[in-house]
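Q: the following comprises the amino acid sequence and a computationally predicted model.
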Amino acid sequence: MQIPEGKKIYFSSDNHLGAPTHEVSLPREKKFVAWLDEIKHDAAAIFLLGDLFDFWFEYKTVVPKGFVRTLGKLAEIRDSGIPVYFFVGNHDLWMDDYFQKELNIPVYHKPKEFTFNNKTFLIGHGDGLGPGDKGYKRMKKVFISPFFQWLFRWLHPDLGVKFAQYMSVKNKLISGDEDAKFLGEDNEWLVQYCKRKLETKAYDYFVFGHRHLPMEIALNDTAKYVNLGDWIGYYTYGEFDGRDLNLKTFEVTL
């Protein structure tokens, strides 16, 4: 994709809408919608890198209640012709075809390469990548298995969604009660993942979420790892102007 002059590509991740409660997350949702409303005027494309919702599961005929402001704004943006891409996170990994059918937004379950203005990007949510975290990787294999999802569908949505939301907000980081801490490059699994990818192919940018911590780390003379932070405490996002990708903060107070 060649970005027209004056246009930009935007990246956002980790809103966790619905956590820890609808009432608490509603101001965050309104702020996110205000950001979408602001960037639609010069956006060439928008990338949402997962955990938009704190929990999402698509039954055959039911999706979780709420989030109409976000879904409506995304529909408006997409209907205007602006491409929107969604990468599932570990909290909304049970997405199927709802976004594709209702909003015309493609959904990706693995990192994917894109090229913008001759800059090569590797984009994804970031969970389960790199060395370590073996317990989560085993758990994820269970969660994404067709058999497990078939079993979960037998729960009435009122029970299934309520149980999943309860388990989700038990994590203090997700509920916003505890800040993520930078572990150092040698202990940041996504940094190690990016460095290993560079051993076999050249990239300009690696863009991920998941860590809830805004980070910009030079991996070599040309490649940079960017973690987008979150919309719980930081309200940070990525902006690519056709030449450089940088983190910015949305500071509008509603």
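A: Nice, I can see it. Residues are numbered from 1 along each chain as shown.

Q: going forward, measure contacts and count neighbours with C-alpha atoms only.
A: OK.

Q: list the contacts for residue 121?
A: 113-115, 203-207 (Cα atoms under 8 Å, 6 or more residues apart in numbering).

Q: do you know how far it is from residue 3?
A: Distance, residue 121 to residue 3, by Cα to Cα, to the nearest Å: 14 Å.

Q: with residue 103 instead?
A: Remark: distance between residue 103 and residue 3 (Cα to Cα) = 23 Å.

Q: now do residue 75
A: Distance, residue 75 to residue 3, by Cα to Cα: 22 Å.

Q: what pLDDT does residue 184 get?
A: Listed pLDDT for residue 184 reads 85.

Q: what's the answer for residue 70, then?
A: At residue 70, the pLDDT recorded in the model is 97.

Q: which ones are touching it?
A: 29, 32-33.

Q: isn't there a helix covering it?
A: Yes - judged by DSSP: H, G, I helix; E, B strand; the rest coil, residue 70 forms part of a helix.

Q: who wins on neighbours among the contacts of residue 70?
A: Top of the contacts of residue 70 by neighbour number is residue 29, holding 23 neighbours under the definition other Cα atoms under 10 Å.

Q: can you verify my assumption that it contacts residue 19?
A: No - applying Cα atoms under 8 Å, one finds residue 29 not in contact with residue 19, separated by 10.8 Å.

Q: packing partners for the one helix or strand residue 32 maps to?
A: If you go by DSSP states H and E, residue 32 is part of helix 22-39. Applying 3 or more Cα pairs under 8 Å, 6 or more residues apart in numbering; DSSP states H and E, we find helix 22-39 packed against helix 68-79.

Q: give the pairing partners of whichever helix or strand comes after the helix it packs on; include direction for each.
A: Once the chain leaves helix 68-79, the next helix or strand it forms, by DSSP H and E, is strand 84-87. Counting by DSSP bridges, the strands paired with strand 84-87 are strand 43-48 (parallel), strand 107-108 (parallel).
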